[in-house]
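Peer 1: Quick one, structure for this:
(one chain, ligands or ions: 1)
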Amino acid sequence: MTTALEAFRRDVRAWLEKAAPKGLRGHGSDPDAQIWGGKKERRSPDQEAWLRAAVERGFTAPTWPKEFGGGGLGKEEGALVTSEIRRLDLPAPLTGFGLSMIGPTLLQYGTEQQKRDHLPKIIRGEIRWCQGYSEPNAGSDLASLQCSAADEGDHFLVNGQKTWTSYGDKADWMFLLVRTDPAAKKQQGITFILLDLDTPGVTIRPIRLISGASPFCETFLENVRISKQNVVTDINHGWTVAKALLGHEREMIAAVFGSGRNAARADSVVSVAKRHLGDTGRLSDPVLRDRLAQVLMDEKCFELTVQRTADGARAGRRPGPESSLFKVYGTELNQRRHELLCSLRGPESLGWEGEGFSEDALQQTRDWLRSRGNTIEGGTSEIQLNIIAKRVLGLPD
Ligand SMILES: Cc1cc2nc3c(=O)[nH]c(=O)nc-3n(C[C@H](O)[C@H](O)[C@H](O)COP(=O)(O)OP(=O)(O)OC[C@H]3O[C@@H](n4cnc5c(N)ncnc54)[C@H](O)[C@@H]3O)c2cc1C
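Peer 2: Model prediction:
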């Protein structure tokens, strides 16, 4: 590390000592501690203080340009801010699709006006975004989407249905794909557009998942007016933007599972193992001991590989098809980890609700069920394998 970077690290550490609320330390992976932003979020005083302090320093988006409220830092300094936040096991000061998906996409494809309108609000946590890609008959084959946008001069009139809209009921804006030319070849008649969810004609209904939670919704659009100023890139050329955003999405999903929070996760698996198999210096069950060692080693290797790619990305590279490799591996590894946790707990992991089970065990069961969706969201594993075969390995169709 250069002297300048070392000095920067000391500065960030000193700032964190003052700015990061003590009550959030040690809660880096706690779902209730995460800050998503948006008009509908109720934040604790600690969360509010942490978000405000980070916004002031530009640390909610450390590498985004200063003119929009970002930190204006280089990739190395940005990574250092993230790693210092993790060192204290703090939640990120802000998370969500604004920072991880639509923000980077607007930086690449947005007009100056779109950047000025949306990026500062994302950085300050004022607006929460959701993704309107999937439809009842367009998931893996996304390009066959049917949500129609009729040209009405200065605006489009949008009609159709989106589904699996994660956090749609908690979001303020949606980025979505609409069909603007039904006669064109399917990838060519699609437009990428931004929608304020308060616009008349939008109805959002939560869908209950197998895990019991309702993190996603169906979205109905009936005669919804969207100004043409909200089109990102040209009309009928949204497919390129859509694919670029999917690259950011896969990186985000992979990063969640290779995030450097593995030490805390490893501790939690090991402590569950000790509690259930007995702590006599060596776990008594040799098969589970092997599975545990394998998962922990694979998590460490994955974390290092993600880190190595992040180091490579400091040269300014955008996510390419290799993000599919991480998406497949990271999500399948997470499922293996949850299956291992269930095996370690034995019958305790059968609990869904009721007094016979601890809170901890019930949460584990629901987390395991939630992990089933990891290999579907953001494009299924089968689709990622197709992308890897064609675009990474160059295999014939
Ligand atoms: C937790 C979760 C959150 C989500 N959040 C969002 C969101 O916020 N916004 C959004 O727009 N969407 C979201 N989705 C939707 C997600 O992107 C789709 O579910 C996914 O793309 C698969 O589409 P599908 O469900 O229609 O399945 P289908 O496309 O019908 O696929 C069914 C099965 O067929 C396989 N298959 C399909 N085509 C092929 C092929 N060519 N080759 C090999 N196998 C194939 C698939 O792998 C899958 O196993 C979310 C999904 C989940 C589970």
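
Peer 1: For the ligand, what's the nearest residue on the stretch 101-250 of the chain?
Peer 2: Nearest residue of the stretch 101-250 of the chain to the ligand: Gly139, at 1.9 Å (CB to the nearest ligand atom). Bear in mind the C-beta positions are built from the backbone N, C-alpha and C, glycine included.

Peer 1: OK, contacts around that residue?
Peer 2: By CB atoms under 8 Å, 6 or more residues apart in numbering, Gly139 lies in contact with Trp164, Thr380.

Peer 1: Report pLDDT for it.
Peer 2: Here, the pLDDT recorded for Gly139 equals 95.

Peer 1: again with Gly356
Peer 2: 87.

Peer 1: what do you get for Ile207?
Peer 2: 92.

Peer 1: list the contacts for it?
Peer 2: Ile207 neighbours (CB under 8 Å, 6+ apart): Thr163, Trp164, Ser214, Phe216, Cys217, Glu218.

Peer 1: do the same with Lys18
Peer 2: No residues are in contact with Lys18 under the rule CB under 8 Å, 6+ apart.

Peer 1: Against the ligand, how distant is it?
Peer 2: 37 Å (CB to the nearest ligand atom, to the nearest Å).

Peer 1: chain center to the helix or strand containing that residue, what's the gap?
Peer 2: Element membership for Lys18 (DSSP states H and E) is helix 3-19. Put simply, helix 3-19 sits 27 Å off its chain's centre (CA atoms, centre = their mean, to the nearest Å).

Peer 1: what are the ranges of the strands in this protein?
Peer 2: 129-132, 148-151, 155-166, 173-179, 190-196, 202-207, 216-227, 231-232 (DSSP state E).

Peer 1: is the fourth one anywhere near the ligand?
Peer 2: No - using CB under 6 Å from any ligand atom, strand 173-179 stays clear of the ligand, coming no nearer than 8.1 Å.

Peer 1: could you say what helices and strands that strand packs with?
Peer 2: Judged by 3 or more CB pairs under 8 Å, 6 or more residues apart in numbering; DSSP states H and E, the packing partners of strand 173-179 are strand 129-132, strand 148-151, strand 155-166, strand 190-196, helix 238-257.

Peer 1: could I get that strand in CSV with only the CA atoms?
Peer 2: Extracted in CSV, the C-alpha atoms of strand 173-179 (Å, rounded to 0.1, in the frame of the first residue of the first chain):
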residue,chain,number,x,y,z
TRP,A,173,-39.3,4.6,-8.8
MET,A,174,-39.0,1.6,-11.2
PHE,A,175,-36.7,1.1,-14.2
LEU,A,176,-38.6,-1.0,-16.7
LEU,A,177,-38.6,-2.5,-20.2
VAL,A,178,-41.5,-1.8,-22.5
ARG,A,179,-42.3,-2.8,-26.0
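
Peer 1: Can you give the contact residues for that strand?
Peer 2: Outside strand 173-179, the residues touching it (CB under 8 Å, 6+ apart) are 101-102, 105, 118, 127-133, 142, 145-149, 156, 158, 160, 162, 165, 168, 189-197, 219, 232, 238, 242, 245.

Peer 1: Okay then, goodbye and thanks.
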